[in-house]
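Trainee: would you be able to build a 3D model of this:
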Amino acid sequence: MAAYSETIDLYSDDGKLLKSGVTLEKISPLVNPATSKIIDLTKRTINVNLGGIEQALKIGKLGKGKIRGRELNLPIMENKDAIVAKIKEMVQVEEGDDTNILEFNKGNLLLVEVPKKRLMNASTYDAAITAVAAATTYAIVDQFDIDAFNASTVKAACWGSYPQTMDMQGALVTSILSIPQKNEGIGFALRNVPVNHFVMMTSRNSLQGAALASTLETAGEFEMGEAIGAFERNQLLCYAYQGLNANNMVYDLVKKNGQTGTVGTVVQSLVERAIEDKVIAPGKKGGYFQFYDTKDPMLWNAYVAAGSLAATIVNCGAGRFAQAVSSTLLYFNDLIEHETGLPSCDFGRMMGTAVGFSFFSHSIYGGGGPGIFNGNHVVTRHANGVAIPCVVAAASLDAGTQMFSPEGMSKMMGETYGKIDVFNKPIDQIAKGVDLIA
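Mentor: Numbering: from 1, shown residues only. From the prediction side, this is the model:
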């Protein structure tokens, strides 16, 4: 990839300087080791709700329903250590390889890191969840000497209703990622993560949540060919300023407007900052209207992306409601265009996304609230990696107004992935990763 002479300073979610003078390519998902670790673990770690499997079998809850007469009362948690050992033995490729099983909540939840060799020698990331689901099924069947008639019941608890459904509906073995068949186009896999997952993995921290979402969204943009040639710089700048709080811009904008500000005052603050940093300058006048010019539209785009996130935090944070995120993204960017005569975030695509998002998340259509959306969704996929981080920030600040809350939908993500540093505090880890780059 290209080497860039321009540098940024990376700041934490509480406005403290983490790393100064970072050249742009060092935050790239292709280069930064912390980002690589996030992507790697996203693909090859699988949740196993071992305690949940025991409870589901006890009442015959299989897939999305109950089957009377197929209940199995198995002391799975009493035999947890033996079952975990069997899973590891079957999932690993070689003795002592990078297979790893982490236990949470007294072993009720497992996080299985599948060895890299399984994914290297597979066409898709399916290889992780299929290996773990099969190994969990086999381990339970083997541990309790389950007969042929009841083995299918154990299989249904682990695999859900697959293959009757395309995906593993109701499964108690789960991944962050959806199955490839649910990706709406080339390169969408890493963007197909629900907003509520990010919220719980980062413990409802709006800036860390936005950073984690931005990391996987940006990696997805690279994967789908949106960061080739001149466009690479555009993606990296948006990632830096919006996702990683470069030059403390998001934090400063929120701090300045957080107490009494509005979406409109964030627009004012952003334009003032852009003029001060010489990113834009007054151009021609049209009657009473002052147009602005920029010699660097990509850097302006990154500034507006950061402003969109700051406006979301100010507005949705004030009301403690996630639902306002779509209208915030729409009108912040509409005001930016009216104020400057320059393109809004993602050169208009953020506004277009916000119009459809308003309708689908809480207008006539209804939907289920911003937290269930992702960057792969037909409504929110159009803005190139810059919309979903704002939605994550809004859902992090929500005080329970959503139909599907993060705690109700994604609690397990917080109890497992939320305990891993690169998922819980990505800004800090990515800044540390800069030091490891040769």
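Trainee: what is the burial count for Asp14?
Mentor: 8 (other C-beta atoms under 10 Å). (Each C-beta comes from the backbone N, C-alpha and C, glycine too.)
Trainee: now do the strands in the stretch 251-400 of the chain.
Mentor: Ranges of strands in the stretch 251-400 of the chain, per DSSP state E, counting those that start in this stretch, are 281-286, 289-293.
Trainee: how about a markdown table for the ones you listed, with distance to Glu95, mean neighbour count and mean pLDDT added?
Mentor: As requested, the strands of the stretch 251-400 of the chain are exported to a markdown table (distance: least, C-beta to C-beta, whole Å; neighbours: other C-beta atoms under 10 Å; pLDDT from 0 to 100):
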| stretch | distance to Glu95 | mean neighbour count | mean pLDDT |
| --- | --- | --- | --- |
| strand 281-286 | 64 | 11 | 91 |
| strand 289-293 | 64 | 13 | 93 |
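Trainee: got TSV for those strands, with distance to Asn234 too?
Mentor: Output for the strands of the stretch 251-400 of the chain, formatted as TSV (distance: least, C-beta to C-beta, whole Å):
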stretch	distance to Asn234
strand 281-286	20
strand 289-293	18
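Trainee: quick one, which of these gets closest to Ala82.
Mentor: The closest of the strands of the stretch 251-400 of the chain to Ala82 is strand 289-293. By C-beta to C-beta, the value is 67.8 Å.
Trainee: might one say that Ile427 is in contact with Ala210?
Mentor: No. The criterion here is C-beta atoms under 8 Å, and Ile427 misses it with Ala210 at 9.2 Å.
Trainee: so between those two, which is more surrounded?
Mentor: With neighbours defined as other C-beta under 10 Å, Ile427 and Ala210 compare such that Ala210 has more, 32 against 25.
Trainee: thought the more buried one was touching Ala393?
Mentor: Yes. Counting by C-beta under 8 Å, Ala210 does reach Ala393; the two are 4.7 Å apart.
Trainee: what touches both of the two?
Mentor: Common neighbours of Ala210 and Ala393, using C-beta atoms under 8 Å, 6 or more residues apart in numbering, are Leu309.
Trainee: nearest to Ser214, out of the strands of the stretch 251-400 of the chain?
Mentor: Distance to Ser214, taken as C-beta to C-beta, is lowest for strand 289-293 among the strands of the stretch 251-400 of the chain, at 26.3 Å.
Trainee: now tell me what touches the closest one from outside.
Mentor: Outside strand 289-293, the residues that reach it (C-beta under 8 Å, 6+ apart) are 271, 275, 280-285, 340-342.
Trainee: closest to Met77 among the residues you listed?
Mentor: Val271 (58.3 Å).
Trainee: run through the residues that contact the closest one.
Mentor: Contacts for Val271 (C-beta under 8 Å, 6+ apart) come out as 280, 292, 336, 339-340.
Trainee: hmm, 7 Å instead?
Mentor: Listed by C-beta atoms under 7 Å, 6 or more residues apart in numbering, the contact partners of Val271 are 339-340.
Trainee: what of Ile53?
Mentor: 76, 157-158, 172.
Trainee: next step: those restricted to strands.
Mentor: Of these, none are assigned to strands by DSSP state E.
Trainee: and Ser327, how far from Leu335?
Mentor: Per C-beta to C-beta, to the nearest Å, Ser327 is found 12 Å from Leu335.
Trainee: number of nearby residues for Lys278?
Mentor: As a burial measure, Lys278 scores 10 neighbours (other C-beta under 10 Å).
Trainee: Phe373 now?
Mentor: Phe373: 27 surrounding residues under other C-beta under 10 Å.
Trainee: please apply the same query to Asp147.
Mentor: By other C-beta under 10 Å, the residues close to Asp147 number 8.
Trainee: next one: the one 10 residues further on
Mentor: By the criterion of other C-beta under 10 Å, Ala157 has 29 neighbours.
Trainee: got a list of what it touches?
Mentor: Taking C-beta under 7 Å, 6+ apart as the test, what Ala157 contacts is 53, 56-57, 62, 172.
Trainee: before we move on, back to that, so which of the contacts of strand 289-293 is the closest to Ile46?
Mentor: Ranked by distance to Ile46 (C-beta to C-beta), the contacts of strand 289-293 are led by Leu342 at 45.3 Å.
Trainee: spatially, what comes nearest to the closest one if we skip its sequence neighbours?
Mentor: Tyr292 (5.7 Å; C-beta to C-beta, 6 or more residues apart in numbering).
Trainee: just Gly187 next, same as before
Mentor: Met224 (2.8 Å).
Trainee: and that neighbour, how many neighbours does it have?
Mentor: Neighbours of Met224 (other C-beta under 10 Å): 17.
Trainee: repeat that for the one 3 residues further on.
Mentor: Number of residues near Ala227 (other C-beta under 10 Å) recorded here: 25.
Trainee: quick one, domains of this protein?
Mentor: Annotated domains of the chain cover 7-31+189-434, 45-175 [automatic domain parsing].
Trainee: ranking those by burial, who's on top?
Mentor: domain 7-31+189-434 (a mean of 21; mean count of other C-beta atoms under 10 Å).
Trainee: for that domain, measure first residue to last.
Mentor: 12 Å (C-alpha to C-alpha, to the nearest Å).
Trainee: what about that domain, distance to the chain center?
Mentor: The chain centroid and the centroid of domain 7-31+189-434 are separated by 12 Å under C-alpha atoms, centre = their mean, to the nearest Å.
Trainee: also stretch 170-179?
Mentor: Using C-alpha atoms, centre = their mean, the offset of stretch 170-179 from its chain centre is 15 Å.
Trainee: pLDDT of it, averaged?
Mentor: Mean per-residue pLDDT for stretch 170-179: 94.
Trainee: next: stretch 70-78.
Mentor: For stretch 70-78, the mean per-residue pLDDT is 94.
Trainee: begin at 499 from now on, thanks
Mentor: Will do, 499 is the new start, and the previous item becomes stretch 568-576.
Trainee: quote the end-to-end distance of it.
Mentor: The first and last residues of stretch 568-576 sit 21 Å apart, counting by C-alpha to C-alpha.
Trainee: what of stretch 700-708?
Mentor: End-to-end distance for stretch 700-708: 9 Å, by C-alpha to C-alpha.
Trainee: one more: stretch 638-652?
Mentor: End-to-end for stretch 638-652, by C-alpha to C-alpha: 7 Å.
Trainee: what separates it from the chain centre, distance-wise?
Mentor: Taking C-alpha atoms, centre = their mean, the mean C-alpha location of stretch 638-652 is offset from the chain mean by 36 Å.
Trainee: follow-up on the earlier one: so of the contacts of Ile551, which ones are in helices?
Mentor: 655-656 (DSSP state H).
Trainee: would you turn the contacts of Ile551 into TSV with distance to Gly513?
Mentor: Formatted as TSV, the contacts of Ile551 follow (distance: C-beta to C-beta, whole Å):
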residue	distance to Gly513
Ile574	47
Ala655	47
Cys656	45
Leu670	41
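Trainee: out of the contacts of Ile551, which is nearest to Pro904?
Mentor: Nearest to Pro904 among these, with distances taken as C-beta to C-beta, is Leu670, at 19.5 Å.
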